[in-house]
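Trainee: sequence first, then the predicted structure:
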Amino acid sequence: MSLPPHTPVRPVRDHRSLFLSDLHLGSLSCRADLALAFLQANRAERYVLVGDILDLWRPMPAHWSQAAQGVIDHLAARQAEGAEVVYLLGNHDPHPDTVAHPRRIPAQALTEMVHHAADGRRFLVVHGDCQDHRLLRFHILTRLGTRLDHGLRLLDHWLGRLAWRAAPQRRSLIEALLSGLNAALYPTRGHERRLVQLARAGGYHGVICGHFHLAALHDDHGLIYANCGDWVDSFTALAEDFDGRLGLMGGRAALAPLPRPIYASNGVSP
């Protein structure tokens, strides 16, 4: 497939595995453009989607963009080239059977998996909502939170913040408010300890999760705790190299100079 004339050739970084969570494709808060540009600049043998990839529930209107479809198409193209795609359901993901075919993730939906790293370590991979406080696990609260987020982001647009999509390193006042509210839900990092304990009980070397929109990678609780972050606020992913080392990638400042995603004429990402 040939690229349009004068299209800059971007270097592509190779990884053994990439873990991404909380893309929320279809929601107003989604930054599918940044996620797609990141995927086009980073190639992996295995892509693990750690939940809340799709956000298409009714009665909220879906905001399905060219970039959102580009993410799905890119993953399908990589799968066709021999890469593995693993999909874990999150609390926002719709049942796969209800998703229109072009928007479906090209993988069977799971609730958890075990990742075998290149150095022999074993990691439990879960979305993470299973270790939320019991009150936060109620389905109605997920929907209420989505409505609040949607309403505030609509207000952000009405206040003239349409230009924010061109500047990932900047937060509007409303974006900062939403980020602060999310962080306030987890002041003591109790969710980290609960997830590490879940991994410890299973005999794993650590846990990889998403859900909390708080990117992290540490062993403060005795085992590795790795949170992929999200593509609503932090714009981060977790990468494994070919020696089994884990690292966080992306972030607002790192993605600011990233070229815009490339779209093929047939709508499929290169």
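Mentor: Cool, the structure landed.
Trainee: which residue ranges of the protein form strands?
Mentor: 13-20, 42-50, 84-88, 109-110, 112-116, 122-126, 206-209, 216-218, 224-227, 236-240, 246-250 (DSSP state E).
Trainee: make JSON lines from those and add mean neighbour count, distance to residue 75 and mean pLDDT to it.
Mentor: The C-beta positions use only the backbone N, C-alpha and C, and glycine is treated the same way. Listed next are the strands of the chain as JSON lines, based on neighbours: other CB atoms under 10 Å; distance: least, CB to CB, whole Å; pLDDT from 0 to 100:
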{"stretch": "strand 13-20", "mean neighbour count": "20", "distance to residue 75": "10", "mean pLDDT": "97"}
{"stretch": "strand 42-50", "mean neighbour count": "22", "distance to residue 75": "6", "mean pLDDT": "98"}
{"stretch": "strand 84-88", "mean neighbour count": "20", "distance to residue 75": "5", "mean pLDDT": "98"}
{"stretch": "strand 109-110", "mean neighbour count": "16", "distance to residue 75": "14", "mean pLDDT": "96"}
{"stretch": "strand 112-116", "mean neighbour count": "15", "distance to residue 75": "16", "mean pLDDT": "98"}
{"stretch": "strand 122-126", "mean neighbour count": "22", "distance to residue 75": "17", "mean pLDDT": "98"}
{"stretch": "strand 206-209", "mean neighbour count": "29", "distance to residue 75": "18", "mean pLDDT": "98"}
{"stretch": "strand 216-218", "mean neighbour count": "16", "distance to residue 75": "23", "mean pLDDT": "97"}
{"stretch": "strand 224-227", "mean neighbour count": "24", "distance to residue 75": "21", "mean pLDDT": "98"}
{"stretch": "strand 236-240", "mean neighbour count": "26", "distance to residue 75": "13", "mean pLDDT": "97"}
{"stretch": "strand 246-250", "mean neighbour count": "20", "distance to residue 75": "17", "mean pLDDT": "96"}
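Trainee: can you redo those strands as CSV with distance to residue 94?
Mentor: Conversion of the strands of the chain to CSV gives the following (distance: least, CB to CB, whole Å):
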stretch, distance to residue 94
strand 13-20, 18
strand 42-50, 14
strand 84-88, 12
strand 109-110, 10
strand 112-116, 19
strand 122-126, 19
strand 206-209, 20
strand 216-218, 27
strand 224-227, 23
strand 236-240, 22
strand 246-250, 26
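Trainee: determine which of these approaches residue 74 most closely.
Mentor: Closest of those to residue 74 is strand 42-50, at 9.4 Å (criterion: CB to CB).
Trainee: listing partners with orientation, what would you give for the closest one?
Mentor: Sheet pairing of strand 42-50 (DSSP bridges) gives strand 13-20 (parallel), strand 84-88 (parallel).
Trainee: coming back round to it: right, and the strands of the chain - which one's nearest residue 32?
Mentor: Of all these, strand 13-20 sits nearest to residue 32, with 11.5 Å by CB to CB.
Trainee: hmm, back to that, could I get the strands paired with strand 42-50 in TSV, plus columns for distance to residue 78?
Mentor: Output for those, formatted as TSV (distance: least, CB to CB, whole Å):
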stretch	distance to residue 78
strand 13-20	10
strand 84-88	7
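Trainee: so which of the ones you listed is nearest residue 253?
Mentor: For those, the distance to residue 253 is smallest for strand 13-20, at 17.4 Å, taking CB to CB.
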